[in-house]
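J.: Okay, predicted coordinates and the sequence, questions at the end:
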Amino acid sequence: MDDDYFREIQELQIQIAGLEERDEDPEVIQDLKQQLQVLSAIYQEAIALLDQGRTEPELRRRLELRGFGEWNLDNVYAYVYETAIDLPARNHAQFVRDISGYGYAEALRWANPAGPLEPETGGGSAPVDLN
């Protein structure tokens, strides 16, 4: 692959290697390595979902219904990224595993594209005044 996301990952790898070579601050290096792990996991999942959607029109339709637009790498990556950052993070290693183990295609298939259902209005009893 040769896209902006892949290049960003490559540039981060080069930056980390340069920092390590110059014996820079280990904390900075560790932070960048963790960022690299997250970005790599999101990218891998986006590529896998993009490939899966090429043969599953329902995934493409669902992505569009969710407001991410047509089926392309930028929009699929945005969906995976936004979904991933909402995953609960107990610690970094678990967060990366959760990103890689999350069912992005299943979430697209089964999620309500319009969002949560609103409670019915009208009928029933009158509102209770709590004052």
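T.: Noted; the coordinates are in hand. Note that the structure is a prediction, hence the values are computed from the model and not measured.
J.: I figured Ala111 hits Arg66, correct?
T.: Yes - judged on CB atoms under 8 Å, Ala111 makes contact with Arg66 at a distance of 7.2 Å. In this view, the C-beta of every residue, glycine as well, is placed from N, C-alpha and C.
J.: Of these two, give the one with the bigger neighbour count.
T.: The neighbour count for Ala111 versus Arg66, taken as other CB atoms under 10 Å, is higher for Arg66 (19 against 13).
J.: hey, where'd the helices end up in this structure?
T.: Listed in chain order, the helices of the chain (DSSP state H) span 4-21, 26-53, 57-65, 73-85, 92-101, 104-110.
J.: Please identify the deepest-packed of these.
T.: Comparing the helices of the chain by mean neighbour count (mean count of other CB atoms under 10 Å), helix 73-85 ranks first with a mean of 19.
J.: And it, what does it pack against?
T.: helix 26-53, helix 57-65, helix 104-110 (3 or more CB pairs under 8 Å, 6 or more residues apart in numbering; DSSP states H and E).
J.: any chance of the ones you listed in TSV, with mean pLDDT and distance to Ile14 too?
T.: What follows is these, written out as TSV (pLDDT from 0 to 100; distance: least, CB to CB, whole Å):
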stretch	mean pLDDT	distance to Ile14
helix 26-53	97	11
helix 57-65	95	32
helix 104-110	93	28
